[in-house]
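Student: any chance you can model this:
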Amino acid sequence: MTGCRKTLLAIAALGAAGLVLVAAGGMTARSEEKRWQAVAPGRIEACSGQIKLGAVVAGVVDKVLVKANDRVFAGEPLIRLADGELAGRLSAAESQVALRKRARDEKSATGRAGTLRKARDARADADEKVYAVRAIVDRTAAEWRAKGGSSEALTKARSALAGAKVELAKREEELQALEDDAPLPTVLEGQLSIARSEYAVARSALDNMTVRAPADGTVLQVNVHAGESVSPGSPQPLLQLADISALCVRAELDERDLAFVGMKQAVSVRAAASPDKELTGKVVSIAPLVGPGRMETSGPRNQSDVNVVEVMIELTETGQSLTGMKVDVYFKPGETAGR
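Tutor: Residues are numbered from 1 along each chain as shown. Modelled structure (predicted):
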C-alpha cells in the first residue's frame, strides 16, 4: 500500500506539473498574440503625396534638365519642349505693344486719365520684370545643374524674383482700385490694351513649352529623353517628384481588425526588402470607407475576398526607406505614439 500510494502521489505531482506547464505555455502564446493587435500590408509614400507631371501641349522634348534624386525648387524648369515658331510669335506681339504704346503716348493725358495711364504702365512694367527675372533664374538654375559649384548666384536670382512678384502684386492692387470707377478707355488706350493681351497670350503659349516643378521636392523618376514626342494624353508621366523629407505608409487594414486600431496608435513597420530592420510610426488617419483591397498580398487569400480600410501611418523613423517600398505594419495594443 505504501509503495502504491507513493506511485499515485508521484503521478499526481507529474500531472500538476503538466497542468502548470500547459497553463504557462498558454499564457506565453496569449502574450505573444497580444504583442500585436493587427497586421496590415502597406507601401511607403511621401506624406504630401507624389506629383506626376505631364506635358500641357504636344511637342518634342528639347532638353531634360534634371535627373532622378535631384532636389528641385518650386518653379524650376525641369523639361523643355522645342518652341518652334512661338518665340517669333512672341517677338511680333512685343513689337505691336511697343508700336501701340508710342501711338498712345503722342496723346497726352491729365487728371484721372493720366493717373490711370501711369498705373497701367506700371503694372505692365512690373509684369514684364517678373518674366525677365524668371528667365535669369531659369538660366542660372540650368548652369548650376550642369556645372555644380556655389548656388549663391541662384539664391540671389530667386530672391530678386520673389521681390519682383511682390512688386507686381502691389501694382495690380493699385490698378484695380483705380479701375473700379474708371471711364471707358480711349481708342488708343484700347488698342494698346489689346496688344498687351495678345502679347500675354503669346508669352503663355511659350511658357507651356517648359515643364516646371509645382513645389519643392525630389525627382523620383524621369520617363522621357530629348527627341521624344510627348502630348497631354500620354499615359505615362514625363516626370515624378515628391517631398520625401516626411514619409508615410498607406496600409490596407482588414475591416475585421478595425476595432483594434485608433488614431495616434503606435506601430512598427518592417520592409520586405529588410525584414530585420524595424521602423516606428503612428496612425494619422483612418478612411471612413470600406472597400476591396488593391495591394498584392503574400497570403493564400485573394485580395478581392477581403474588404479593407485605408490607414495612413506617419513614420517617425524612416531609415533608408524608399517611396514605393512594400512593408508590413504591426499595430501595437493600447499604445499611443507621442507627438
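Student: the longest strand in this protein is where?
Tutor: Secondary structure of the chain read by DSSP state E shows that its longest strand is strand 274-292.
Student: from the contact counts, what lies against the helix or strand following that one?
Tutor: Downstream of strand 274-292, the next assigned helix or strand under DSSP states H and E is strand 307-315. Packing partners of strand 307-315 (3 or more C-beta pairs under 8 Å, 6 or more residues apart in numbering; DSSP states H and E): strand 38-46, strand 247-254, strand 265-271, strand 274-292. Where C-beta positions appear, they are placed from N, C-alpha and C, glycine not excepted.
Student: next, the angle strand 265-271 makes with strand 307-315.
Tutor: Relative orientation of strand 307-315 and strand 265-271, computed by axes from the mean of the first three to the mean of the last three C-alpha atoms, to 10 degrees: 90 degrees.
Student: residue 234 against residue 57, yeah?
Tutor: No: if you go by C-beta atoms under 8 Å, residue 234 and residue 57 don't touch, sitting 11.7 Å apart.
Student: higher neighbour count, these two?
Tutor: Neighbours per residue, other C-beta atoms under 10 Å: of residue 234 and residue 57, the larger number sits with residue 234, 15 against 12.
Student: which residue sits closest to that one, ignoring its sequence neighbours?
Tutor: Distances taken as C-beta to C-beta, 6 or more residues apart in numbering put residue 54 closest to residue 234, at 6.1 Å, once the chain neighbours are dropped.
Student: right, and residue 331 touches residue 265 too?
Tutor: Yes: in terms of C-beta under 8 Å, residue 331 counts as a neighbour of residue 265; the distance is 5.8 Å.
Student: can you list residues touching both of the two?
Tutor: Taking C-beta atoms under 8 Å, 6 or more residues apart in numbering as the contact rule, residue 331 and residue 265 both touch residue 283.
Student: sorry, back to before: what residues are up against the residue nearest to residue 234?
Tutor: Shown in contact with residue 54 (C-beta under 8 Å, 6+ apart): 211, 230, 232, 234, 237-238.
Student: could you do residue 45 as well?
Tutor: Neighbours of residue 45 in contact, by C-beta under 8 Å, 6+ apart: 242, 247-250, 323-324.
Student: go again with 6 Å.
Tutor: By C-beta atoms under 6 Å, 6 or more residues apart in numbering, residue 45 lies in contact with 248, 250, 323.
Student: next one: residue 310
Tutor: For residue 310, the contact set (C-beta under 6 Å, 6+ apart) comprises residue 287.
Student: please redo it, this time with the cut-off set to 10 Å
Tutor: Residues in contact with residue 310 (C-beta atoms under 10 Å, 6 or more residues apart in numbering) are 40, 42, 250-253, 285-291, 293-294.
Student: understood, closing this out.
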